[in-house]
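Novice: Got a sequence here, can you model it:
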Amino acid sequence: MAEIMDGKGLKIIPFYLPQFHTIPENDQWWGEGFTEWTNVRKAVPLFEGHQQPKLPLGDNYYNLLDDETKIWQAELAKQYGIFGFCYYHYWFKGGKKLLEKPAEQMLKNKNIQLPFCFSWANENWSRNWDGGNHEIIMPQEYGGKQEWELHFQYLLPFFRDERYMTINGKPLFVIYKPEQIIEIAEMAGYFRKRAVEEGFPGICLAFQFPSYYADMYYREDVFDYRIEFEPVYSRNLKSMKKPGTARSVQSLRSVFGETPISFYRKKSKHSGGGYPNPEHLSVFFYDEAWKKILENEMDEKFLPGGFVDWDNTPRNKHGVMYAGFTVDKFREYMTRLVKKARDYDKPVVFLNAWNEWSEGAYLEPDNITGYAKLEAVKAAFDAVG
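Specialist: Sure, this is the predicted structure:
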């Protein structure tokens, strides 16, 4: 097994999005041929100084159903000191799965030599990316022991794979939003019991998405760890000043320069004669977010995390972005986070993300910075030693 507590030092684990291949459901909901690249390609700047689109280096619009792509990702990650990926896992009522094929192919192909674990993205899918009416297009229901057993049986071959991450021999399984599961304690107990019955010392459960209710669920009989999922953790659980919506033009001057920005009079060749109306765009500051990350307390069951960058306007027109990213800043902040995690004897740092291209949170090489984000992660490890 890919044991995290192997005595070989701190591990970096980025979250991994599998939505880079077509599925019938996305064809139906968003148009034929839809993948995450669809959002990335259609992105436009919303105001002067807004850096969009951000595109993969060499136009590498890969298809995750191609095993050569997954091998390339694994080799690239290892080259820059990444321990493994935390795959998002989509499981719905009655065993309905979405975007499952990349992980299933990876399980069968031992040439993809990189540790992995799952984060169950247990939320409804809805039409909120395009500013629609939040119509539920794939509902999430949890059922009882029969449904839990079906889910556990699906996960078991992954748990038994030598590449699956464990903590003290227990498969690491992350649940994204535990507060949405009414019987979370009962489900957790069932999974723990079944893991022991299958020969494991148990199952290691962590939750990812921070909220008041999720924090209430943090009990030893439910979760072993809580993950610092950034930049959401610091924004949700601690007050963070933001300039406000993009209508507050003057508040962005310190980030995008001293020239006043007009969202309505400036012309853009990308948007056909004028910037789109970004009235619901919320803007936070990158430096302030990382200041809070580096100040967060780390108790025994806290697994620290950071983020590369964040701008989800390609995916959601009512978006959120963090202004002020540079590779040099990311390298410095990662260095400080790695040192802090080491000083607190933490086994891992979770990173958002490996390939969240539509949210601006990715390590993969792009047309603007090349491999510099990956180089920053490696440099952070090298600097700390």
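Novice: Return the list of helices and strands in contact with the strand or helix carrying Ile12.
Specialist: Using DSSP states H and E, Ile12 falls within strand 11-16. The contact analysis (3 or more Cβ pairs under 8 Å, 6 or more residues apart in numbering; DSSP states H and E) places strand 11-16 against strand 85-91, strand 116-120, strand 348-352. Yep, even glycine has a C-beta here, placed from its N, CA and C like the rest.
Novice: between those, which gets nearest to Phe47?
Specialist: Among the helices and strands packed on strand 11-16, the nearest to Phe47 by Cβ to Cβ is strand 348-352 (24.2 Å).
Novice: any idea of the mean pLDDT for the closest one?
Specialist: For strand 348-352, the mean per-residue pLDDT is 98.
Novice: what's next to it, contact-wise?
Specialist: 4, 10-15, 83, 86, 227-231, 303-308, 310, 337-338, 341, 361, 363, 377 (Cβ atoms under 8 Å, 6 or more residues apart in numbering).
Novice: Now do the same contact list for Tyr225.
Specialist: Contacts of Tyr225 by Cβ under 8 Å, 6+ apart are 204-207, 301-303.
Novice: Can you add mean neighbour count and give the helices and strands packed on strand 11-16 back as TSV?
Specialist: Formatted as TSV, the helices and strands packed on strand 11-16 follow (neighbours: other Cβ atoms under 10 Å):
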stretch	mean neighbour count
strand 85-91	24
strand 116-120	23
strand 348-352	24
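Novice: JSON lines for these, including distance to Gly199?
Specialist: Converted to JSON lines, the helices and strands packed on strand 11-16 look like this (distance: least, Cβ to Cβ, whole Å):
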{"stretch": "strand 85-91", "distance to Gly199": "22"}
{"stretch": "strand 116-120", "distance to Gly199": "18"}
{"stretch": "strand 348-352", "distance to Gly199": "24"}
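Novice: Glu75: helix or strand, and which one exactly?
Specialist: helix 67-79.
Novice: May I see the buried residues of that helix?
Specialist: Judged by neighbour count using 16 or more other Cβ atoms under 10 Å, the buried positions of helix 67-79 are 69-71, 73-74, 76-77.
Novice: swap in stretch 179-198?
Specialist: 179-181, 184, 187-188, 190-192, 194-195.
Novice: Tell me which of the residues you listed has the lowest pLDDT.
Specialist: Glu179 (84).
Novice: does it sit in a helix, a strand or a coil?
Specialist: helix (DSSP: H, G, I helix; E, B strand; the rest coil).
Novice: coming back round to it: specify which member of the buried residues of stretch 179-198 is nearest to Phe330.
Specialist: Once Cβ to Cβ is applied, the member of those that ends up nearest Phe330 is Glu179, at 30.9 Å.
Novice: Among the contacts of Tyr225, name the ones in strands.
Specialist: 204-207, 302-303 (DSSP state E).
Novice: which of those has the most neighbours?
Specialist: Phe207 (26 neighbours; other Cβ atoms under 10 Å).
Novice: That residue - nearest residue in space that isn't next to it in sequence?
Specialist: Nearest non-adjacent residue to Phe207, counting by Cβ to Cβ, 6 or more residues apart in numbering: Pro178, 4.7 Å away.
Novice: what about the one you found, how many residues close to it?
Specialist: 28.
Novice: try Tyr164
Specialist: Count around Tyr164 with other Cβ under 10 Å applied: 21.
Novice: How about Asn296?
Specialist: There are 17 residues near Asn296, going by other Cβ under 10 Å.
Novice: Also Tyr62?
Specialist: For Tyr62, using other Cβ under 10 Å, the count is 18.
Novice: Quick one: mean pLDDT for the helix holding Glu75?
Specialist: 98.
Novice: so what does it touch, helix or strand wise?
Specialist: Against helix 67-79 (3+ Cβ pairs under 8 Å, 6+ apart) you get helix 101-108.
Novice: Quick check: buried residues in the helix it packs on?
Specialist: 102-103, 106-107.
Novice: re the thing from before, if any of the contacts of strand 348-352 are buried, give me the ChimeraX selection for them.
Specialist: The ChimeraX selection below is limited to those of the contacts of strand 348-352 classed as buried (16+ other Cβ under 10 Å):
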select :4,10,11,12,13,14,15,83,86,227,228,229,230,231,303,304,305,306,307,308,310,337,338,341,361,363,377
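Novice: related to what we said a few turns ago, the strand holding Ile12 pairs with which strands, and in what direction?
Specialist: strand 85-91 (parallel), strand 348-352 (parallel) (DSSP bridges).
Novice: Provide the contact partners of it at residue level.
Specialist: Against strand 11-16 from outside (Cβ under 8 Å, 6+ apart): 4, 77, 81-88, 116-117, 119, 165, 347-356, 363, 377, 381.
Novice: before we move on, the earlier item: let's have the strands paired with strand 11-16 in a markdown table, adding distance to Ser282.
Specialist: Output for the strands paired with strand 11-16, formatted as a markdown table (distance: least, Cβ to Cβ, whole Å):
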| stretch | distance to Ser282 |
| --- | --- |
| strand 85-91 | 24 |
| strand 348-352 | 17 |
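Novice: which one of those lies closest to Asn111?
Specialist: Of these, the one closest to Asn111 (Cβ to Cβ) turns out to be strand 85-91, at 15.5 Å.
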